[in-house]
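Visitor: turn this into a structure:
(chains A and B)
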Amino acid sequence: MFQNIGEMLILFWRTLQALPLVLRHRQKVMDQMFEIGNASLLMACILSFFIGGVLALQTGPVLAERGLSGLLGGVVGISLCKELAPVMMSILIAGRIGSAMAAEIGSMKVYQELDALRTLNINPVHYLVLPRMTAIAVALPTLLLFAVLTGWLGGAVVAHYNQSIAISFATYFNNLEEVVELGDLAHGLFKTFCFAVVVGLVSCHQGLVTIGGPRGIGRSVTKAVVNSIVLILILDYFLTRLLLYFEE
Amino acid sequence: MNTPENKRAGVKVTVKGLQKAYGSQTVLQGLTFEVAPGELFVIMGPSGSGKSVLLRHLIGLETPDAGEIHINGQPLDGGQIMDHYRMAMVFQSGALLNSLTVGENVGLYLSEHRLKPPAEIQRIVREKLELVGMAGTEDKLPGELSGGMKKRVAIARALVVEPQLILYDEPTSELDPLIAVTIAEEIVRLNDRMGATSIVVTHDRDLAFGIADRLAILLGGQLRAIGTPAEVRRCADPEVQKFLTTDFRFKPQT
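Guide: Purely as a prediction, here's the structure:
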């Protein structure tokens, strides 16, 4: 495990060193971003619409019983943008995009394509890792914005049409506007950016260290997804502590 | 054959005491040899004798446990050697990038290093593909090609580098005799035309004796014979003789 962490930190450092070359690889970055957006936008929106809905469904009646249903917009708004959307979107992307990254790079490793790149004096970190890391670090926070908006909408729909809550859209969104600040959105965006780096790094690293044939690729994909999710959840706690410290 | 003029394009490769082991298995046991600039040098040996591992060391894909490799007197282990000398390798499987078209694969070196404008790259790609008899395949994906075609595309990709050292890993394996001969002719022609130092790893005796300026026999990680084809044929080592003379003729010829 410590070897893996060490290797990932080295990979991260090499990717950071290669950042000035990102403009040279902009076409690859755009391709990867299209891949991430195209593969995940609809899924992200559907997922967060229902997360927002469930959140409203769970908390709405409890608040309504106490005559506090007018606060539902703020509860859903804050929970989604600071916690639920960043974590859920990152887990979704780890499953959809991280696995694809690990599989693609892993199969390139197994079938000597990475060796071929090296013999052409092309650095695999510049060619493969840099565009993927950049794309995911930009695309995931962008996805978060869509996810947060659809999540809020999902909460609003449930809050309005559910008989036990039944508040107007205006009440819901007024409270949301009152409670949620730009800083809360920045909080979520920052966390998502960190999770994106983790997913990209873990997935690319697992791809690069793949050994064996198809079984090895399968193992790398599984490890990429599981390790990403575990790291996201652990990192979430520490990032929340850090951000709360700064907000105080 | 190479003229003294074009021989200058090639590099001298010096290997001293090269050793490599994976766990408890020793693969290369203190290999020492030299390849002259522009020479077509063949390393021959049975499967599992360490030929491909040796080749991977010669282009820096593996790090030796002990010993040194020098290109024109400069050590290979620095990792900067590729910036000073143009080197290329043709892999046994071709190792084409499956997500790129044939044209993109062949032009990859030029486009990634931004050495030529796109139109010029297209022209060079067409020219190199024509050279290996693969004209008109630019838009195909590697998955649409046969094994022999992949190998020829891999050779075209290596040629784009205009290498001073070109390494071939089992260039004729898995190919039918006709294509194998075409590939062999291609290797000799390119060596003559470009003057690049060529190192070919193979277990194909016909190919080895047909194209080599000099050849070496690698058995169990040790170089057992080295010299011109005629000198190697005269080698008295019984293991070498067994490798060179064993054939498929089990039944009496009529």
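
Visitor: when you work out contacts or count neighbours from here on, use the C-alpha atoms and nothing else.
Guide: Fine.

Visitor: any chance you could map the helices in the chain?
Guide: Answering for chain A, as no chain was given. A:2-18, A:26-65, A:72-79, A:85-93, A:99-110, A:113-119, A:124, A:130-161, A:169-179, A:182-208, A:214-247 (DSSP state H).

Visitor: that answer is for a different chain, and I need it for chain B
Guide: Using DSSP H, the helices found in chain B span residues B:4-7, B:51-58, B:81-84, B:102-106, B:108-112, B:118-131, B:147-160, B:177-194, B:205-211, B:229-233, B:238-245.

Visitor: what about residue B:122, distance to residue A:31?
Guide: Per CA to CA, to the nearest Å, residue B:122 is found 22 Å from residue A:31.

Visitor: quick one, which of these two is more surrounded?
Guide: Between residue B:122 and residue A:31, residue B:122 has the larger neighbour count (other CA atoms under 10 Å in any protein chain shown), namely 18 against 14.

Visitor: hmm, residue B:106 and that one touching each other?
Guide: No: distance between residue B:122 and residue B:106: 9.4 Å, which falls outside the contact criterion (CA atoms under 8 Å).

Visitor: related to what we said a few turns ago, quick one, which of the helices of chain A gets closest to chain B.
Guide: Checking the helices of chain A against chain B by CA to the nearest CA gives helix A:113-119 as the closest, at 5.1 Å.

Visitor: what packs against that closest one?
Guide: Counting contacts by 3 or more CA pairs under 8 Å, 6 or more residues apart in numbering or on different chains; DSSP states H and E, helix A:113-119 is packed against helix A:124, strand B:87-90.

Visitor: I would like the residues contacting the first one, please.
Guide: Contacts to helix A:124, defined as CA atoms under 8 Å, 6 or more residues apart in numbering or on different chains, come from residues A:114, A:117-118.

Visitor: of these - the most surrounded one?
Guide: Each of these was scored for neighbours by other CA under 10 Å, and residue A:114 scores highest at 24 neighbours.

Visitor: name the nearest residue to that one, ignoring sequence neighbours.
Guide: residue A:108 (5.8 Å; CA to CA, 6 or more residues apart in numbering or on different chains).

Visitor: quick revisit: most packed of the helices and strands packed on helix A:113-119?
Guide: Stretch with highest mean neighbour count among those: strand B:87-90 (a mean of 28; mean count of other CA atoms under 10 Å in any protein chain shown).

Visitor: what residue ranges in chain B score low on pLDDT?
Guide: In the predicted model, chain B carries pLDDT under 70 at residues B:1-8, B:78-79, B:248-254.

Visitor: and the closest residue to chain A within it, what is it in contact with?
Guide: Using CA to the nearest CA, the single residue of chain B nearest to chain A is residue B:95, 5.1 Å away. With contact taken as CA under 8 Å, 6+ apart, residue B:95 is in contact with A:111-113, A:116, B:154.

Visitor: mind checking pLDDT for the residue nearest the centre of chain A?
Guide: When CA atoms, centre = their mean is applied to chain A, the residue found nearest the centroid is residue A:90 (2.4 Å). Looking at residue A:90, its pLDDT is 95.

Visitor: now it. Nearest residue, chain neighbours left out?
Guide: Leaving aside its sequence neighbours, residue A:90 sits nearest to residue A:195 (CA to CA, 6+ apart; 6.2 Å).

Visitor: now residue B:219
Guide: Spatial nearest neighbour of residue B:219, excluding adjacent residues (CA to CA, 6+ apart): residue B:49 at 5.3 Å.

Visitor: correct me if wrong: the one you found contacts residue B:223.
Guide: No: using CA under 8 Å, residue B:49 is not in contact with residue B:223, being 9.9 Å away.

Visitor: which parts of chain B sit against chain A?
Guide: Within chain B, the positions lying close to chain A (CA under 8 Å from any CA of the partner chain) are B:59, B:61, B:82-83, B:87-89, B:91, B:95-97, B:109, B:112-113, B:161.

Visitor: what parts of chain A come near chain B?
Guide: Contact residues, chain A versus chain B (CA under 8 Å from any CA): A:108, A:111-113, A:115-116, A:118-122.

Visitor: those residues into JSON lines, with extra columns for pLDDT?
Guide: What follows is these, written out as JSON lines (pLDDT from 0 to 100):
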{"residue": "A:108", "pLDDT": "94"}
{"residue": "A:111", "pLDDT": "91"}
{"residue": "A:112", "pLDDT": "91"}
{"residue": "A:113", "pLDDT": "94"}
{"residue": "A:115", "pLDDT": "92"}
{"residue": "A:116", "pLDDT": "93"}
{"residue": "A:118", "pLDDT": "91"}
{"residue": "A:119", "pLDDT": "90"}
{"residue": "A:120", "pLDDT": "91"}
{"residue": "A:121", "pLDDT": "89"}
{"residue": "A:122", "pLDDT": "91"}
